[in-house]
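J.: Return a 3D structure for these sequence lines:
(one chain, ligands or ions: 1)
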Amino acid sequence: MKNPDPSVPKKIEKLRRELSDHDYRYYVLAEPVISDEEYDRLMRELVSLENQYPQYRTPDSPTQRVGGEPTKTFPTVEHAIPMLSLGNTYSEEEIVDFDRRVRDLLKSASPEYVCELKFDGVSLALRYSDGILQRGATRGDGVTGDDITQNVKTIRTVPLRLKDAARGLKNCEIRGEVILFRDDFNKLNDDRELAGEKLFINPRNCTAGTLKLQDPKIVASRPLRFFAYALYTPGKQLASHYENLRLLRSLGFAVDQHAKKCSTIEGVLKHWRQWEAARDSLPFDIDGIVVKVDSLAQQDALGAIAKSPRWAMACKFASRKAETRIDDIILQVGRIGTITPVAVLQPVFIGGTTVSRASLYNEDYIRELDIRIGDTVVVERGGDVIPKVTSVVSGKRPASAKKFTFSARCPACGSRLVRLQDEANYYCDNESCPEQIRGRIEHWASRGAMDIGGLGEMIVDRLVREDFLRNVADIYDLKSRRSELVDLERWGDKSVTNLLSNIEKSKTRPYHRVLYGLGIRHVGAGVASLLAEHYSSIDDLMDAAGEELQTVGDIGPRIAGSIVHFFSERSNRELIRRLKSAGIRFTAERVKHAGGPLRGKTFVITGSLSSFTREEAKEVLESLGGKVLSAVSKNVDILVAGKDPGSKLEKARKLNIEVWDEDKFLSVAKKK
Ligand code: IVH
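T.: Below you'll find the predicted structure:
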């Protein structure tokens with residue numbers, strides 16, 4: 001063990017504080033003030049100090065979030081305060097009854113309520129002593145649960161050490177819900193699909209499965225989040241639940257930002273209806289709201305019956321699950337020829353829309369759930385709107401139910417389907433399959449790729465049918481066929497002008513998005529960025545051999561094989577030649593690392609710019625070597641302020657930060 005210089009423990013402590021604060025800003029406030037590179041640098045510095053001086057390693061260090069050694073079983077632990085569940089209802093009358101009951105019991109005092117979102121995840125109890133996380137436990141049966149501390153430590157929104165405000169709160173227990181954001185869930189499932197692994201049914205299911213994993217390293221790789229909704233502080237009691245929520249926030253927890261105080265039950269009903277209509281606008285799933293009596297003294301007076309408190313109630317939203325029958329199973333062809341089986345359903349009304357189709361993912365999914373034509377199934381519509389069949393109601397299976405066998409041929413072009421070894425999907429191998437042509441063009445024009453506004457599904461379909469487009473390079477020849485486009489039935493001059501201008505604009509998209517847009521099988525946005533970092537031009541990438549590709553990041557034999565195969569096709573090489581001559585970017589702007597004119601400068605963009613979206617402006621600044629952050633702080637050099645800049649401009653002025661208007665920004669952007 002190395003004998004430290006006396007400044008070492010201080011330095012370690014400073015790094016820990018800084019890193020925890022950046023975690024908080026990034027994960028809880030969603031307002032990072034340093035770049036990812038800077039964060040990684042601080043983390044590396046801390047890891048190296050802790051390796052040199054292991055005597056200073058503590059369980060609350062941010063380095064401990066990576067996940068420790070696997071465990072065989074989770075110890076059972078007892079909850080000092082039982083974890084109750086909530087009475088729940090779907091009906092307005094029962095919510096009014098709840099209010100009446102509360103008022104009757106409280107006699108003269110009238111209640112104030114707090115309405116909170118009901119997170120659709122898995123509940124978790126955290127124990128802190130002296131501000132340091134000691135234990136994370138599942139609810140279990142409410143009296144005893146599993147000690148899953150090692151897994152919990154990997155959740156970035158669970159503070160390993162409470163923020164300074166914890167002083168005076170020696171020991172406390174915090175309860176809340178672990179959830180997964182829908183986008184993160186979809187990414188995880190996309191990766192699993194690519195890897196041919198079993199898919200998770202929904203974010204809650206995935207969260208529950210993840211928390212039960214025995215290997216904390218896998219847990220660490222899944223971006224779970226924790227939202228706190230209850231605080232127990234022996235000895236020190238605040239007056240109200242609402243104040244508790246505020247305190248939880250200052251301790252470093254994410255809480256429901258939409259929590260609302262209501263003094264009447266009408267207010268509660270309004271909040272309930274509002275969120276039922278707006279639930280899909282949240283990045284995560286909720287299944288209702290929870291109404292709670294705000295005063296903690298009144299909560300005590302009301303107490304609990306059986307396993308639920310009398311002072312709270314879950315007001316659930318109409319279910320978005322329904323039973324219906326599968327009339328048929330058909331095959332759909334995706335952009336890279338992936339064949340997806342889809343259930344044709346007896347139309348059923350779920351959460352505001354009529355659902356008549358639902359995804360069945362792949363052959364293995366159908367087999368695992370033993371789904372048959374004629375079966376009655378449960379269909380769920382999650383927040384992302386694509387309905388899924390999640391189970392079979394086995395008791396309702398008719399004798400005539402028919403097993404589904406995958407057809408040997410593509411439903412769009414008749415080519416023979418192939419299923420590669422170790423992959424869950426069948427593919428149509430025919431490059432000229434009309435469904436694939438449409439899919440590839442839609443993908444190229446989509447938001448994450450070339451983002452060509454106005455080139456959506458319907459227009460692509462039409463342009464393919466009318467033989468304007470056979471591949472993505474044809475998009476850039478459309479300008480020479482302007483008058484033919486204007487002559488198309490119901491297409492005005494203005495729509496054509498807009499479309500052509502959006503097509504021109506797409507030529508400025510960076511190389512990594514172009515790579516993603518090509519739609520190479522197994523090359524998602526993440527892999528495309530990796531490739532763009534390693535191969536600064538498409539020529540280098542096209543010449544890379546499979547073994548060489550496998551030295552890049554996590555790229556394994558399957559992805560490498562797919563890239564090599566893509567570039568070995570003459571038609572793809574020809575496509576790239578045409579795209580190059582149309583002016584598409586096939587080289588990385590290395591200035592980010594090599595020293596562009598804005599190197600070392602840190603920016604924040606605020607307000608709206610008339611000629612760029614913020615994302616585009618960010619790309620311009622980054623391509624010139626600048627770093628773009630989302631919050632104004634003293635670490636920022638320049639604020640780019642468009643129209644209606646709001647509080648960021650005020651803050652920048654206070655901090656004497658240089659401010660650029662749009663003209664100044666454009667003059668710099670033009671130097672590119
Ligand atoms: S309060 C004493 N608030 O819903 C009851 N629960 O049975 C304390 N849930 O398992 C629960 N969001 O995990 C409360 N904002 C919220 C919640 C919430 C989700 C979960 C909780 C519990 C279930 C209700």
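
J.: Could you use CA atoms for every contact and neighbour count after this?
T.: Fine.

J.: Contact residues of this protein facing the ligand?
T.: Residues of the chain lying close to the ligand by C-alpha under 6 Å from any ligand atom are 84-86, 116-120, 122-123, 177, 229, 290, 309.

J.: Scan those residues and report the most crowded one.
T.: Neighbour count (other C-alpha atoms under 10 Å) singles out residue 117 as the most crowded of these, with 25 neighbours.

J.: rewinding a little: so which of the residues of the chain next to the ligand sit within strands?
T.: Using DSSP state E, the subset of the residues of the chain next to the ligand located in strands is 116-119, 122-123, 177, 229, 290, 309.

J.: hmm, which two among these are most spread apart?
T.: 122 and 309 (18.9 Å; C-alpha to C-alpha).

J.: Now render the ones in strands among the residues of the chain next to the ligand as a markdown table, adding pLDDT and distance to residue 578.
T.: Output for these, formatted as a markdown table (pLDDT from 0 to 100; distance: C-alpha to C-alpha, whole Å):
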| residue | pLDDT | distance to residue 578 |
| --- | --- | --- |
| 116 | 98 | 55 |
| 117 | 98 | 52 |
| 118 | 98 | 53 |
| 119 | 98 | 50 |
| 122 | 97 | 52 |
| 123 | 97 | 55 |
| 177 | 98 | 52 |
| 229 | 98 | 56 |
| 290 | 98 | 58 |
| 309 | 96 | 68 |
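
J.: Same list (these) but as JSON lines, adding distance to residue 458.
T.: Shown next, in JSON lines, are those (distance: C-alpha to C-alpha, whole Å):
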{"residue": "116", "distance to residue 458": "40"}
{"residue": "117", "distance to residue 458": "37"}
{"residue": "118", "distance to residue 458": "38"}
{"residue": "119", "distance to residue 458": "36"}
{"residue": "122", "distance to residue 458": "40"}
{"residue": "123", "distance to residue 458": "43"}
{"residue": "177", "distance to residue 458": "41"}
{"residue": "229", "distance to residue 458": "45"}
{"residue": "290", "distance to residue 458": "42"}
{"residue": "309", "distance to residue 458": "53"}
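
J.: Surely residue 392 touches residue 373?
T.: No - counting by C-alpha atoms under 8 Å, residue 373 is not a contact partner of residue 392; they are 10.9 Å apart.

J.: Point out where the stretch 101-250 of the chain drops to low pLDDT.
T.: Along the stretch 101-250 of the chain, segments meeting pLDDT under 70 span 165-167, 193-196, 236.

J.: for the chain, same thing?
T.: Using pLDDT under 70, the chain drops low at 1-4, 165-167, 193-196, 236, 384-385, 589-595, 670-672.

J.: Closest to residue 91 out of the ones in strands among the residues of the chain next to the ligand?
T.: Nearest to residue 91 among those, with distances taken as C-alpha to C-alpha, is residue 290, at 13.4 Å.

J.: Residue 111 versus that closest one, what's the distance?
T.: Distance, residue 290 to residue 111, using C-alpha to C-alpha, to the nearest Å: 15 Å.

J.: likewise residue 82?
T.: 25 Å.

J.: These two: which is more packed in?
T.: residue 111 (21 against 13).

J.: buried residues in the helix or strand encompassing residue 135?
T.: Under the criterion of DSSP states H and E, residue 135 resides in strand 132-138. By 16 or more other C-alpha atoms under 10 Å, the buried positions in strand 132-138 come out as 132-138.

J.: What of stretch 394-413?
T.: Within stretch 394-413, the residues that count as buried by 16+ other C-alpha under 10 Å are 397, 404, 410-411.

J.: could those residues go into a markdown table alongside secondary structure and distance to residue 577?
T.: Output for these, formatted as a markdown table (DSSP: H, G, I helix; E, B strand; the rest coil; distance: C-alpha to C-alpha, whole Å):
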| residue | secondary structure | distance to residue 577 |
| --- | --- | --- |
| 397 | coil | 55 |
| 404 | coil | 43 |
| 410 | coil | 30 |
| 411 | coil | 31 |
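
J.: now for those residues, which pair is the farthest apart?
T.: Farthest apart among the buried residues of stretch 394-413 by C-alpha to C-alpha are 397 and 410. That separation is 29.2 Å.

J.: Spit out the contact partners of the closest residue to residue 22 other than its chain neighbours.
T.: Using C-alpha to C-alpha, 6 or more residues apart in numbering and skipping the chain neighbours, the partner closest in space to residue 22 is residue 32 (6.7 Å). Counting by C-alpha atoms under 8 Å, 6 or more residues apart in numbering, residue 32 touches 22, 25-26, 629-631.

J.: Distance check, residue 32 against residue 641.
T.: Residue 32 is 18 Å from residue 641, by C-alpha to C-alpha.

J.: Just the element for the closest residue to residue 87 other than its chain neighbours, please.
T.: Nearest residue to residue 87, sequence neighbours excluded (C-alpha to C-alpha, 6+ apart): residue 313, at 5.2 Å. Following DSSP H and E, one finds residue 313 within strand 312-316.

J.: In its sheet, which strands sit next to whichever helix or strand comes after that strand, and in what direction?
T.: Per DSSP H and E, the first helix or strand lying C-terminal to strand 312-316 is strand 321-333. As defined by DSSP bridges, the strand partners of strand 321-333 come to strand 338-350 (antiparallel), strand 376-381 (antiparallel).

J.: Quick one: closest of those strands to residue 329.
T.: Minimum separation from residue 329 across the strands paired with strand 321-333 (C-alpha to C-alpha) falls at strand 338-350, 4.6 Å.

J.: can I get the CA coordinates of the closest one in PDB?
T.: Provided in PDB are the C-alpha atoms of strand 338-350 (Å, rounded to 0.1, in the frame of the first residue of the first chain):
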ATOM      1  CA  THR A 338     -36.400  -8.700 -42.000                       C
ATOM      2  CA  ILE A 339     -39.700 -10.700 -41.900                       C
ATOM      3  CA  THR A 340     -41.900  -9.800 -39.000                       C
ATOM      4  CA  PRO A 341     -45.000 -11.900 -38.200                       C
ATOM      5  CA  VAL A 342     -48.000  -9.800 -37.400                       C
ATOM      6  CA  ALA A 343     -51.300 -10.900 -35.800                       C
ATOM      7  CA  VAL A 344     -54.500  -9.900 -37.600                       C
ATOM      8  CA  LEU A 345     -56.900  -9.400 -34.700                       C
ATOM      9  CA  GLN A 346     -60.600  -9.100 -34.200                       C
ATOM     10  CA  PRO A 347     -60.700  -5.300 -33.800                       C
ATOM     11  CA  VAL A 348     -60.700  -4.300 -30.200                       C
ATOM     12  CA  PHE A 349     -60.800  -0.900 -28.500                       C
ATOM     13  CA  ILE A 350     -57.800  -0.300 -26.300                       C
END
